[in-house]
Structures are given as structure tokens and as C-alpha cells.
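[1] Any chance you could fold what I've pasted below:
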Amino acid sequence: MTATRTERDSMGELEVPKNALYGAQTQRAINNFPVSGQQMPEAFIRALITVKKAAAQANMKLEALTVDRGLAIVNACDELLAMDDVLVHFPVDVFQTGSGTSTNMNANEVIAQLASRNANEKVHPNDHVNYGQSSNDVIPTTIHVSAAIALSGELIPAVESLIEVIEVKAESVAQYCKTGRTHLMDAMPVRMDQSLMAWSAQLKQQVATLRSVQPAIQTLAQGGTAVGTGINAHADFAPAFSETLKELTDIPFTPADNFFALIGSQDTAVTLSGALKSLAVTLMKIANDLRWMNSGPLAGLGEIALPALQPGSSIMPGKVNPVIPEAVAMASAQVIGNDAAITVGGQSGNFELNVMLPMIATNLLSSLSLMTNSASLIGEQAIKGFTVNQDNLEEALYRNPVLVTALNPVIGYAKAAEIAKTAYKENKPVIDVAEAMTDIPRDELVQLLDPEKLTRP
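    Numbering: from 1, shown residues only. As a prediction, the model looks like this:
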């Protein structure tokens with residue numbers, strides 16, 4: 001049987017595990033919310049601890065906390081941030097009170113317990129760790145802080161690295177010409193580098209969109225307290241807090257012009273989630289292009305060979321599958337699903353408070369992590385190492401009757417269509433059929449139907 005100690009909160013006494021750093025309010029949440037067994041993400045918890053550290057430092061500057069208590073809180077936060085297993089102290093389920101009050105109080109209790117051990121006076125979770133704050137501005141602030149850290153420090157660098165990998169690879173395969181495809185059907189030729197540079201252009205647009213969201217996600221609700229009025233917070237707390245947090249994270253956080261909007265809504269999280277969904281769509285497109293190009297190797301397109309990373313079948317020896325693109329496609333699908341949940345969450349801003357904050361935070365950080373890891377994975381494990389099957393490319397390329405499109409200006413659409421249909425029917429190279437059905441000399445046809453020339457304006 002687990003040893004316990006008795007803790008008290010405003011609702012009375014409660015038994016808490018003897019060695020737990022948390023107190024009664026956290027234990028009540030553990031008892032009340034046995035929903036998923038899923039804790040808040042570690043990135044969120046670490047951002048929350050950093051928020052508490054910045055709040056203590058700001059309150060010390062404003063002389064709202066004694067130096068002894070303030071430093072004790074700061075040191076307790078540093079101790080938690082140095083822990084590899086910090087989540088053991090934050091057991092509250094994601095699916096809890098919609099404001100995230102249980103997680104905020106979990107942090108307050110844990111920090112107060114550690115701080116009280118080192119201070120010369122009692123550190124109270126509400127009166128001191130939570131001074132000048134409310135769950136209603138702390139949790140929205142932590143959503144923004146955790147997302148901003150992941151966005152600037154992880155996701156954008158990962159996508160930019162992927163762009164670099166793609167562009168280096170594009171340069172190395174620029175000499176290869178392949179059959180273009182529209183509707184999955186043969187179309188005019190393209191060069192391999194043109195296909196890859198299209199991916200690069202898509203990703204650059206996604207990075208631009210993500211960067212455009214950064215100023216909003218770096219704008220904070222902290223200082224609005226319970227409903228946006230700032231009750232019980234020092235008048236200068238919001239700017240002091242943002243400045244302190246900027247020093248701690250090296251990210252330019254700023255206080256909101258209107259706290260009511262950032263507490264009552266999660267519009268910025270919805271916007272960022274939409275941008276992540278858009279990035280997921282781009283990565284899924286790239287993943288599926290790779291899968292198609294790699295298909296076969298005998299009965300598919302077989303244009304490229306992705307790195308062979310693991311056996312592809314438990315029954316068919318020698319089978320190798322495009323596992324990295326498949327993993328990225330699944331991660332992308334999950335991000336699209338996360339966005340649907342976040343969208344519903346964003347609709348749940350009722351009057352002065354959004355009440356789906358823990359779910360929004362969890363799904364947003366999941367999407368950021370999935371996209372960061374997927375971008376790195378598909379670049380390093382798929383694109384960087386694929387090889388081109390030149391023979392397969394050329395076999396399809398030179399027999400492609402659609403090449404006759406190049407003759408439209410010379411012989412007209414109707415005659416070109418007739419040549420294409422004959423080439424299909426007789427399974428002959430289009431150049432042979434065009435030579436037989438027109439008076440254009442073969443050497444001129446060679447020039448007109450040169451696939452590489454047809455890839456240029």
C-alpha cells in the first residue's frame with residue numbers, strides 16, 4: 001500500500017502520496033479525470049514552468065514578491081527544468097477542466113513544495129507561485145509560449161533543412177528527363193529537378209506562412225488574469241513578464257493589446273494549426289510522389305529507388321517498401337485530424353474564456369512535433385538517398401505519344417491527335433509514326449520531339 005500524507009485545500013483534507021511534490025488540488029484532478037491516461041505534453045509542462053519562472057522574476061522586479069520567496073520559486077523552476085523525468089510530477093490527464101486549472105495548480109503546488117524547502121519562509125502555491133496570475137491567462141500564455149518555442153526552434157529549421165536537401169538533390173538529378181503526368185496519365189516531359197524544385201517552392205511558401213503567424217503566437221495573454229481585466233496583477237506585470245520571458249527564451253514575446261481576446265478565444269492557435277495542416281498537405285503530396293516514382297520495381301513506374309531500410313513483408317522475401325513516405329503520410333493525416341479537433345476547440349470560447357485549452361495545447365504541440373520529425377525524416381531518409389533508374393525513365397519517355405504535342409504549331413492539333421492515336425494503337429514510337437504520316441524530315445522531327453528541349457520554355 002502506498003504511504004500517504006494529508007494535504008488540505010479550500011475543499012478540505014485529502015490523502016496524497018507521501019513523496020509526491022504535488023498537493024491536494026492535483027490529487028483531486030487525478031481522482032476526477034481518469035479519462036485517457038495521457039498527460040500534458042512535456043513541451044507544454046516545460047513552457048509552463050518557464051512561465052512561472054518569468055512571473056516570479058517579474059514580480060520580484062515589481063516588489064510584489066519578496067526576494068527570498070521569488071528566488072526560491074525561480075530555483076525550484078530551474079530544478080524542475082533540469083529534470084529528465086519532470087512529467088512524473090505532472091500526472092493530470094489532458095481531458096480535465098477546460099481552463100487547464102488543474103495543470104496550473106499542479107505546477108503551483110509542485111513549485112511551492114520545492115521552493116518551501118529552500119526558502120526561509122513558507123511559499124504558498126496560490127499566494128506566491130500564482131501571484132498576479134490566473135489559470136485563465138497562464139494556460140493560454142503557455143499554449144503560445146510552447147508553440148512559439150517549437151515553431152522557431154524546431155519546425156521552421158527542420159523545414160528549411162528539408163528545402164536545402166531537396167535543392168541539393170535537384171541539382172544532382174537535373175540531367176534526367178522523365179514523363180510528366182497529369183491525372184496519373186502520361187503528359188509532356190519534365191526534368192527530374194523541375195519536379196523536386198516544385199516541392200521546394202511549396203515548402204518555401206509554407207515557411208512564409210508559418211513565419212507570418214509568429215508575431216501573433218508570440219503575443220501573450222499574461223496579465224489579463226481571470227477575465228481580462230487584470231484584477232490582482234500589478235499594473236506593470238504584463239510588460240515586465242513578457243520582457244523577462246524574452247530574456248529567458250530569446251524569443252520576442254509581447255503582451256496583448258487586448259487580454260479579453262486572447263483569454264476568450266484561441267484564434268491564433270487555430271490559425272497556426274491551419275498552417276500546420278497546410279504543411280501536412282504539402283508533405284503528403286511529396287510523400288505520395290515519392291511512393292509513385294518508387295513503385296514497382298518491375299510492375300510500377302520504377303523511376304527511382306528509395307533507400308532500402310527494412311524488409312517489407314513477413315511472407316514475401318526480398319520485398320522492400322517505401323516506409324518513410326508512408327510514415328510521413330500517416331503523420332500528415334494525423335495533423336489534419338488534430339486540426340479538426342483544434343477547430344472545434346477554438347469554437348468553444350464562451351464569453352470570457354475558452355474551455356478546451358488542454359486539448360488545443362496537446363493537439364497543437366503534437367502537430368508541431370509530427371511536422372518537425374516528418375520534415376527531417378523524409379529529407380534525410382528518403383530524398384537525400386534515392387537513386388534514379390535512367391533506363392526506366394527513357395523507355396517510357398521516348399515511346400510517349402503525347403510528345404506529338406510539340407508538333408501542334410507545325411501540323412495542327414487534329415493531325416497531331418491522329419498521329420498520337422496511331423502511335424498508341426500500333427504501340428510505336430511517336431517519331432516513327434510522325435515520319436510516316438507527315439512530310440517533316442526525320443532529323444527535324446528529332447529536334448522537334450527532343451524531350452529535354454520540351455522541358456524548357
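[2] can you tell me which helix or strand Val16 belongs to?
    Applying DSSP states H and E as the criterion places Val16 in strand 12-17.
[3] Now do the contacts for Lys18.
    2-5 (CB atoms under 8 Å, 6 or more residues apart in numbering). C-beta: built from backbone N, CA, C; applies to glycine.
[4] wait, doesn't Ser295 sit right on Leu301?
    Yes. Using CB atoms under 8 Å, Ser295 is in contact with Leu301, at 5.0 Å.
[5] more neighbours, the two?
    Using other CB atoms under 10 Å, the more surrounded residue of Ser295 and Leu301 is Leu301, with 19 against 15.
[6] what about Ala187, is that helix, strand or coil?
    strand (DSSP: H, G, I helix; E, B strand; the rest coil).
[7] next one: Thr179
    Under three-state DSSP, Thr179 falls in the strand class.
[8] and it, bridged to which residues?
    Residues in a beta bridge with Thr179, per DSSP bridges, are Pro189.
[9] Could you list the low-confidence segments of the chain?
    1 (pLDDT under 70).
[10] which helix is the longest one in it?
    Longest helix in the chain, counting residues (DSSP state H): helix 267-294.
[11] which secondary structure elements does it contact?
    Counting contacts by 3 or more CB pairs under 8 Å, 6 or more residues apart in numbering; DSSP states H and E, helix 267-294 packs against helix 135-150, helix 192-217, strand 304-305, helix 323-346, helix 357-378.
[12] Relative to the whole chain's centre, how far out is it?
    Helix 267-294 has its C-alpha centroid displaced from the chain centroid by 9 Å (CA atoms, centre = their mean, to the nearest Å).
[13] Run the angle between that helix and helix 135-150 for me.
    Helix 267-294 and helix 135-150 are oriented at 30 degrees to each other (axes from the mean of the first three to the mean of the last three CA atoms, to 10 degrees).
[14] what angle separates helix 267-294 from helix 357-378?
    Comparing the axes of helix 267-294 and helix 357-378 via the same axes, to 10 degrees yields an angle of 30 degrees.
[15] Please identify the buried residues of helix 267-294?
    268-280, 282-284, 286-294 (16 or more other CB atoms under 10 Å).
[16] same thing with stretch 346-362?
    Here stretch 346-362 shows 346, 348-349, 353-362 as buried, counting by 16+ other CB under 10 Å.
[17] Identify all contacting residues around that stretch.
    38, 40-41, 44, 94-100, 103, 136, 139-140, 142-143, 146, 227-228, 260, 263-267, 269-270, 341-342, 344-345.
[18] could you flag which of those are buried?
    If we count by 16+ other CB under 10 Å, these have these buried: 40-41, 44, 94-100, 103, 136, 139-140, 142-143, 146, 227-228, 260, 263-266, 269-270, 341-342, 345.
[19] re earlier: and the strand holding Val16, what does it pack against?
    Using 3+ CB pairs under 8 Å, 6+ apart, strand 12-17 sits against strand 4-9, helix 24-32.
[20] Just checking: what are the partner strands of it?
    Applying DSSP bridges, strand 12-17 is found paired with strand 4-9 (antiparallel).
[21] Okay, and Ala235 sits in which element?
    Assigned by DSSP H and E, Ala235 falls within no helix or strand.
[22] And for the one 4 residues further on?
    Pro239 belongs to helix 237-249 when elements are defined using DSSP H and E.
[23] And that helix, what's buried?
    Neighbour counts over helix 237-249 (16+ other CB under 10 Å) mark 237-238, 240-245, 248-249 as buried.
[24] Looking at those residues, spot the one nearest Arg399.
    Nearest to Arg399 among the buried residues of helix 237-249 is Thr249, at 58.6 Å by CB to CB.
[25] Could you find the closest non-adjacent residue to that closest one?
    Ile149 (6.4 Å; CB to CB, 6 or more residues apart in numbering).
[26] I'd like to know how far the one you found sits from Ser99.
    Ile149 sits 22 Å away from Ser99, going by CB to CB, to the nearest Å.
[27] Next, the angle helix 24-32 makes with the strand holding Val16.
    Going by the same axes, to 10 degrees, strand 12-17 makes 80 degrees with helix 24-32.
[28] which ones are touching the one residue sitting closest to the centre of the chain?
    With distances taken as CA atoms, centre = their mean, Leu368 lies nearest the centre of the chain, 2.5 Å away. Residues in contact with Leu368 (CB under 8 Å, 6+ apart) are 147, 150-151, 154-155, 276.
[29] Could you do Phe253 as well?
    Residues near Phe253 by CB under 8 Å, 6+ apart: 144-145, 148, 218-220, 242, 245-246.
[30] Surely Gly274 is in contact with Asp339?
    Yes. With contact defined as CB under 8 Å, Gly274 and Asp339 form a contacting pair (6.4 Å).
[31] list the contacts for the residue nearest to Thr249?
    Contacts here follow CB under 8 Å, 6+ apart; on that basis Ile149 touches 43, 47, 249, 251.
[32] just to revisit the earlier point, so which of the contacts of Lys18 comes closest to Ser376?
    Thr2 (41.3 Å).
[33] Report the secondary structure state of the closest one.
    coil.
[34] Now for the residue nearest to Asn108 when sequence neighbours are not counted, how many residues are close by?
    Leaving out its chain neighbours, the residue that sits closest to Asn108 by CB to CB, 6+ apart is Pro125, at 3.6 Å. By the criterion of other CB under 10 Å, Pro125 has 25 neighbours.
[35] I figured Pro125 hits Tyr22, correct?
    No. Using CB under 8 Å, Pro125 is not in contact with Tyr22, being 9.4 Å away.
[36] Am I right that Asp257 falls within a strand?
    No. Using three-state DSSP, the assignment for Asp257 is coil, not a strand.
[37] contacting residues for it?
    Contacts of Asp257 by CB under 8 Å, 6+ apart: none found.
[38] Would you mind measuring from it to Val92?
    In terms of CB to CB, Asp257 sits 32 Å off from Val92.
[39] again, but for Gly224
    Distance of Gly224 to Val92, computed by CB to CB: 23 Å.
[40] How about Val335?
    Val335 is 25 Å from Val92, by CB to CB.
[41] do Leu309 as well
    Distance from Leu309 to Val92, by CB to CB: 38 Å.
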